[in-house]
Each structure stands twice: as structure tokens, then as C-alpha cells.
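Q: Quick one: sequence plus predicted model below, questions after.
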Amino acid sequence: MKKYTFPLGGIHINKHKRSSGLAIIPAGLPETVYIPIRQHIGSPAKILVKKGDKVKVGTLLADADGVVSADIHSSVSGEVIKIDDIIDDSGYPSTMIVIKVEGDDYEPSIDRSPDIIRDIKDDKETIIKKIQASGIVGMGGAGFPTPIKVTLPKGKKAEYLILNGIECEAYLTADDRLMVEKAEEIIIGAKILNKALGIQNAIIAIDENKPEAIKVLSELTRRYVGVNVRVCKSKYPQGAEKQLIKAITGREVPSRGLPIDVGCVVQNVGTAYAVYEAVQKNKPLFERVVTVSGDDAVDNPANYLVRVGTPASFLIKRSCSDTSRIGKIIFGGAMMGTAAVNSDAPITKLTSGVLLLNDLDAQKPQETACIRCGKCVEACPMGLRPFAIASAIKNNDDLNELRRLHTLDCIECGSCAYTCPAKIPLLDYCKLGKIELRKQK
Amino acid sequence: MLKISTAPHLNSPLSTRGIMGHVIIAMLPLAFMSIAYFGISALEVIITSVAGCVLFEYLISRYLMKVPNSTRDLSAVVTGLLLAFNLPAGMPIWMTLVGCLIAIGVAKMAFGGIGKNLFNPALVGRVFLFISFPVQMTHWIKPDLFHFMNLDAQTAATPLGILKHMDALSTASQHHLPQYWEMFVGYTGGSLGEVSTAAILLGFIYMLWKKIIGWEIPVYYIGTFLIFIGIHWLLTGETRYEPMTHILSGGLMLGAVFMATDYTTSPMTRRGRIIFAIGCGFLTYIIRIYSVYPEGVSFAILIMNAFVPIIDMTCIPRVFGSKERK
């Protein structure tokens, strides 16, 4: 079978996929959930509830504020006990709706039957409306509101819909398990997205390190005309949008451009599943699959189905018997994730994993002098020169030089910093450069 | 206590110290072969050179530059070994130490230490000694397998030295030129690191396996040299230009595998490295054939070292999604 990949840069990382064979299990209900009103790129949603309100699973809590925003729904039934600014995984305060859990009553509009609904009755406009009303955002981590992505700008035509099932990050297996267990739903989700985009074909791209998902989806797609599986080489960052498009279509998204500029729309497989549930089952996005993993700090790695707003500590207790061993908690993957300041930060629509590192792995290695080996240049999938960006920053934020070096094209995959033998935090310098350049506008 | 830090939370297991460690392992077969052929006088040069380089780097970093001791990264050991490989067995200890001081003090630390030097430190040390002490630097002991205490050994000319003084009508047998297999395994005169092509290839394979260096520099370097000398040989038909002898003897293999591949003094991109290697190969040919020296590897690499900043400025990758090279 032909294996696709991107030609420029990239690295091979130890994937640590301890939880890849483990079925998705419900995490259960915590006593209290903390639901942030901003779980996406753009403006925070407008709060519709107040303290003392009773809510059900799926009740709209906050309404999208403007185009670049997303609806927020309750993930539990119970009583709103507080609306407050609480520290989230980034370490910054974020407005959250705090709900005390009572029972598990769903909104009656949600279809909870286990049947798969294959027939897509809704037309294009209704589909986009339902996606909008379900608060769906890109679940790969960027959190870009999905309704905008499926509403094509004037004059642009989509040719490819690519479902991203690469999951090239270390430790994470949430998408992998979802593809194995909800394969048909994901394919129907792709057909729904096809209808919204007005095209006939969809490609599901899967990393070669997921043989079970490849097998299940390849067999099922035979029954669905226009949906095809493509296997990609196991290389980091194969799951990055631009690198995936290059691998599958050979097209390059122009510098600072969007995928639609080359006729592509990329959606995470988790997003496609959420679209299926929203359109066919009337179910808003209030839960997601979260991988809890790590090395020796984790006794039972797992793939949990988690209600949004569940504190990470609730999951950690289930997977780790001795929390004193934990040196670092990462929200997301080990390459691009955020180190959380406390274990009570809530799971959001974007949390693909909670990784627990031991004290030793949590240490950043000592930085030494650059030996000009060029490994960062070789590793960069965008063709940048991270070492030069770092020296431009050290050289009093030389903005002209940063611009000349295309710093804003950095996709922040961290390949440079990973590969550096001198352990220079090259990604930090690239991020700093981007911040300095954006200040100028 | 939870630690927080920026991404990525994973790092490659390879550190600068680890890389240097692998390079040292790759050089061990060659060190062993040189001791096997030249005995105690080779061991003496190796120990003096490594100890001298480490000591000078320690003293200079601690007491002159007043920075933390930089010898922990093992790069001084690599420089010491490389310098030893460029010296003849039986080199007087004090001269070897002068070479160490020039290599570490002038070529490396004066530029700011590891990563900042323009020229390969070991080669600068060698060239300084070569110009200062030409007699001792060309006093080649005849290799004699496993005669360790061979202190008053015979001297022998290097194969390249023999070729240089051949005239157009000579044949190989008239000048006692060694067989190819002798040069490959190590039975020829020369400096410590020139003795065995086989040991160098072993080190090359090890470094490729551990992904320490790419194949480009050694292959393009030797390939370019082979093409030029081959054409020259075919056109003249003279034994002294015979390509196999030129490749198997002298410092070409040593230079191409261990010296031209030095990270700091070679270009950072693949394209740059290829240009650099082709330049090295061409200059080695020019110097070996047209200059008064029998050997041209050190000068060729040093000259190309000087071009590295320009090559790095020109050979830059194409930014994804843009047509220009920036």
C-alpha cells in the first residue's frame, strides 16, 4: 500500500502509545463541573444562565458571541452554583460556569438510542445550523469554530475534504480508539461534511501506526462511495494541517494562507464524529474522548469518555494510585501540550489528553552552547531556520531579521527544540518572535 | 510540586556530550590500529594530545574566560584525538602540547568556545606544527604490527611522498609502493590516523548507524577527488596519479570522515554540505597534484571552512508555501 508523507523536515519521536489497545470507557460523573465559556478561538460565549438555575445535560449555557465564537452546553444535569473566573490549564483565569451535579437528566431533544442513523435528511443550510447550534469546534486542538470552516468564503471552491486521523503526538490514542469504535459514525460525519461543502469525496488519513483503525475503516469505506482511507507514514508532525495536505494532495498551502486557498478542508476525526452526533442525533458537543497516560507515574492508562468541565484530578485519581509521583501534568500531547499549573483545571472540548510525567521527565534539560549542527534546520517542516530566529531574538528582537526569516510561518510543532542536542528552547524563541511581530501590526 | 514549562515536553535523547561520546567511540578502532602498528610511541602521542587539549580548555575556560568548565561536553577529547591522528608517531611531547595549545587556545577558545570557531581546531593545530616543525612532522616511522616497544624503528616514506617524487616514467614496483590491501589494512607509513582505511570506514559506519553524521560530506568529498584525479590519471597515464593509492593513503579518508564532518565548521544544510564537500575534494586534488606538498587534505578543509558562512547564507531551505528561498 502506498504510504503518504510530507517531504520537508519532520522527526521521529518515541510515541509512547501505552493506551492504544484500550477501549473507550465512560469516566463517570464528578461532583462538580467547571465549564469555561471560551473553549475555542475567538470571543467568549455570552452567558445565558445565572446562579441557582437548574440545567440538564445538553442545555445551552452560553450563546456564541459573533461569528468567531461557539455555543457552550451543559455536560451534566444539576444546579449552577457559581459563575466565576477560575484558573484554567494555561494558568490564566477564565470565566467558568460551575455546576453541582444532580442525577443525569438529558434534554429530551437528544436521541440517546444506540442505533446508527445512516440516512442524511438535512439540507446544507440545516446541517450548518445544527453544527452551529451544537457548539462544535475543531477538536484536534486548535479549537477553530467548525461552522466557519464549512461555510466557504465567496469565490472559493472545496475539492478535498480530509479527515485527520493521524494523531502523531506522543501518548495520545483518543482519535485512534474513536476511529476503531465509532468508524461508521465518522464516515457518516464525513458524508454530512461533504454535503455542507457541496463535494462528493472525503479522504480519511490515518497514521501507519494504527493498524486496527486502518483495517476497520478500510473495510467500512467500501460500502460508502466517495470516502477513502489513505495511510500516512509515521512521522511527526504528519498531523499538522499543512503537512497533511501536502502529503495527501501534493499541494502547498501558501505562506500565511488557509487550506481552502488550495481547495482543501481538514477536519479532525473527532470533529467528524461530533458532527454526526449533532446532525443525526441532535446531540451538542459536551463530552469527548480523553487519553490519560504517561510512563511510570501512571498505573492504568486509559481512554475515557469525559464530560466537558470535569476536573483533570477526577481522571488522574482513576489512573494513578500515587499522585506524589507526578512531576508535570500536560493538557494535550507531549510535543505541543500545555503544562497545567494545578490538577483541578477542567477538561474542555479541546483536551485530547492528560499526560502525567514523573519528576525526572518533567525536568527541562540543561541548555548548552549551539554547536551549529543544523539539526533544527533539517527538522523544521516549514523550511525555517530556528537557530537564526533564536539569534535574532537574542539580538534585541531584530524585527526585520525575524520577518526575513518567515518567523510567522512557524507552526509551533516543536520539532526543532526536540531535536536540538544543545537543548536550546528553540520553540520558545520562535513563539517570542511571533509575538513581537504581531505587536507591530 | 508540579513543574510547569513550555512545550515540547519531550527531548531527543541525543545531547552534545552524547554526540561527542559517539564520535569518540567511532575513533577508537583507528586509535587501536595506530597503537597496534606504531606501538608505545603512538599511545604516547594520543595520551599527550587528549590530555593537553582537555587541560588547556579547562584552564582557559575557568581562568581566562571565567565561564563554567566547558570540558564536560567531551569536545576537547575529540579535538585531542583528531590532533593525535594528524601527528606522526614519536612526535616530541612538548611539540604535541604546542599543537594542543594552538588548537584549543587559538582555533577554538579565542573564538568563544564550542560552536563559535570558524576553523577545525585539530587541523589548525596540525598546520601550525607542520609549518613550525616540518622535520619532526614528516619523520614517519615504519609501521610494524605488534612490536610495541619499537622505539628505534625504521623510518619510511608515505605512499603520497613516494608518488610526489616519482617522475613520469616510473612504475610502482621501482619505488616500493605498497599494495592496495596493505594501505587498506594499515601497513603503510604516515601519521597515526592515516594508517588504516579499514578502521576509518568502521568509524564512519558507526556514525551513520547512530545518525551522528550524514553520508553526504565523506561521499561527495572522496567522489569529487576521485573524479578529478581519475581524469588526470587517464589523460596522463602516469603511475603517480593512480587514484586508488591516492584514496587509500594519506589523510583523505581521515579528513573526509572525521574532520570535514565537524558540525561547527561545516554547513548547516544538506545542499550546503554537498557544495562544501565538492570544494574540499577539488582543492585536495589541486594541492596534491600542483603544489609542493604531497598532502592537501588539511589545507583543503581549512580553506573550505572559511567559506562555510557564505555557503550557509546562500544554501537555505525553501520556506514551505513560498517560492522564494529565505
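A: Great, that's in hand. Numbering: from 1, shown residues only, chains lettered A, B, ... in the order given.

Q: What segments of the stretch 251-400 of chain A are helices?
A: For the stretch 251-400 of chain A, the helices defined by DSSP state H, counting those that start in this stretch occupy A:269-281, A:312-319, A:359-362, A:375-379, A:386-394, A:399-404.

Q: for the closest residue to chain A within the stretch 201-326 of chain B, helix, strand, or coil?
A: At 3.1 Å from chain A, B:Met268 is the closest residue in the stretch 201-326 of chain B, using CB to the nearest CB. No exception for glycine: its C-beta is placed from N, CA and C like everyone else's. Taken by DSSP: H, G, I helix; E, B strand; the rest coil, the conformation at B:Met268 corresponds to coil.

Q: on that earlier part again, looking at the helices of the stretch 251-400 of chain A, which one has the lowest mean pLDDT?
A: Here the lowest mean pLDDT among those goes to helix A:359-362, at a mean of 84.

Q: quick one: contacts for the residue of the stretch 201-326 of chain B closest to chain A?
A: A:372-374, A:377, A:385, A:387, B:312 (CB atoms under 8 Å, 6 or more residues apart in numbering or on different chains).

Q: Kindly recompute the last result at 7 Å.
A: B:Met268 makes contact with A:372, A:374, A:377, B:312 under the criterion CB atoms under 7 Å, 6 or more residues apart in numbering or on different chains.

Q: before we move on, what about B:Thr261?
A: Listed by CB under 7 Å, 6+ apart, the contact set of B:Thr261 reads B:213, B:217-218.

Q: which of those come close to chain A?
A: Among the contacts of B:Thr261, no residue lies close to chain A (CB under 7 Å from any CB of the partner chain).

Q: ok, those vs B:Ile316, which is closest?
A: The nearest member of those to B:Ile316, counting by CB to CB, is B:Ile217 at 18.3 Å.

Q: which SS state does the closest one fall under?
A: Counting by three-state DSSP, the backbone at B:Ile217 sits in helix.

Q: Would you mind naming what in chain B lies close to chain A?
A: So far as CB under 7 Å from any CB goes, chain B lies against chain A at B:2-12, B:14-16, B:19, B:73, B:113-115, B:263-264, B:268-269, B:316-322, B:326.

Q: Now list the buried members of these.
A: Among these, those classed as buried by 16 or more other CB atoms under 10 Å in any protein chain shown are B:3, B:7-12, B:14-16, B:19, B:73, B:113-115, B:263-264, B:268-269, B:316-317, B:319-322, B:326.

Q: So which of those sit within strands?
A: Among these, no member is found in strands (DSSP state E).

Q: could I get the contacts of B:Met268 as a markdown table with distance to A:Asn358 and neighbour count?
A: As requested, the contacts of B:Met268 are exported to a markdown table (distance: CB to CB, whole Å; neighbours: other CB atoms under 10 Å in any protein chain shown):
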| residue | distance to A:Asn358 | neighbour count |
| --- | --- | --- |
| A:Arg372 | 33 | 22 |
| A:Gly374 | 32 | 20 |
| A:Val377 | 32 | 25 |
| B:Asp312 | 40 | 20 |
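
Q: For these, could you give me a markdown table that also reports distance to A:Ile411?
A: Formatted as a markdown table, the contacts of B:Met268 follow (distance: CB to CB, whole Å):
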| residue | distance to A:Ile411 |
| --- | --- |
| A:Arg372 | 24 |
| A:Gly374 | 20 |
| A:Val377 | 15 |
| B:Asp312 | 24 |
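
Q: Okay, now the unreliable bits of the stretch 1-150 of chain B?
A: Across the stretch 1-150 of chain B, the ranges flagged by pLDDT under 70 are B:144-150.

Q: Show me the helices in it, by range?
A: Under the criterion DSSP H, counting those that start in this stretch, the stretch 1-150 of chain B contains helices at B:16-38, B:40-59, B:75-85, B:93-100, B:121-132, B:134-137.

Q: if you compare the ones you listed, which one is most tucked away?
A: Mean neighbour count (mean count of other CB atoms under 10 Å in any protein chain shown) peaks for helix B:75-85 among the helices of the stretch 1-150 of chain B, with a mean of 28.

Q: separation between the closest residue to A:Gly433 other than its chain neighbours and A:Ala240?
A: In this structure, A:Gly433 finds its nearest non-sequential neighbour in A:Thr407, 4.0 Å apart by CB to CB, 6 or more residues apart in numbering or on different chains. Counting by CB to CB, to the nearest Å, the gap from A:Thr407 to A:Ala240 is 17 Å.

Q: what sits against B:Arg126?
A: Residues near B:Arg126 by CB under 7 Å, 6+ apart: B:83, B:86, B:99, B:298.

Q: need the contact list for A:Asn282.
A: Residues near A:Asn282 by CB under 7 Å, 6+ apart: A:109-111.

Q: how many neighbours does the closest residue to A:Val289 other than its chain neighbours have?
A: Computed as CB to CB, 6+ apart, the closest residue to A:Val289 that is not its neighbour in sequence is A:Ala174, at 4.0 Å. Residues near A:Ala174, counting by other CB atoms under 10 Å in any protein chain shown, number 27.

Q: Verify the contact between A:Ala174 and A:Ser293 for me.
A: No: the pair A:Ala174 / A:Ser293 is not scored as a contact, 9.9 Å apart, by CB atoms under 7 Å.

Q: A:Val253 touches A:Leu244, doesn't it?
A: No: counting by CB under 7 Å, A:Val253 stays clear of A:Leu244, with 10.1 Å between them.

Q: Who has more neighbours out of those two?
A: The residue with more neighbours, out of A:Val253 and A:Leu244, is A:Leu244; 28 against 20, by other CB under 10 Å.

Q: which residues does the residue in the stretch 1-150 of chain B that chain A sits nearest to contact?
A: Going by CB to the nearest CB, chain A is nearest to B:Pro8 of the stretch 1-150 of chain B, at 3.5 Å. Listed by CB under 7 Å, 6+ apart, the contact set of B:Pro8 reads A:334-335, A:414, A:417-418, A:427.

Q: Need the phi and psi values for it.
A: phi -80, psi 150 (degrees, to the nearest 10).

Q: Spatially nearest residue to it, not counting backbone neighbours?
A: Nearest non-adjacent residue to B:Pro8 (CB to CB, 6+ apart): A:Gly414, at 3.5 Å.

Q: Just read off the phi/psi values of the one you found.
A: phi 80, psi 10.

Q: wait, isn't it in contact with A:Gly337?
A: No: counting by CB under 7 Å, A:Gly414 stays clear of A:Gly337, with 9.9 Å between them.

Q: Touching both of those two, which residues are there?
A: Joint contacts of A:Gly414 and A:Gly337 (CB under 7 Å, 6+ apart) are B:Ala7.

Q: which of the two has more neighbours?
A: Set side by side, A:Gly414 and A:Gly337 show more neighbours around A:Gly414, with 30 against 27, by other CB under 10 Å.

Q: check contacts around the more buried one.
A: So A:Gly414 contacts A:335-336, A:427, B:7-8 (CB under 7 Å, 6+ apart).

Q: Could you list which residues are in contact with A:Val76?
A: Residues counted as contacts of A:Val76 (CB under 7 Å, 6+ apart) are A:29, A:33, A:57, A:99, A:101, A:307.

Q: So for the nearest residue to it once chain neighbours are set aside, what's the pLDDT?
A: Distances taken as CB to CB, 6+ apart place A:Val101 nearest to A:Val76, at 4.6 Å, with adjacent residues excluded. Note for A:Val101: predicted pLDDT of 93.
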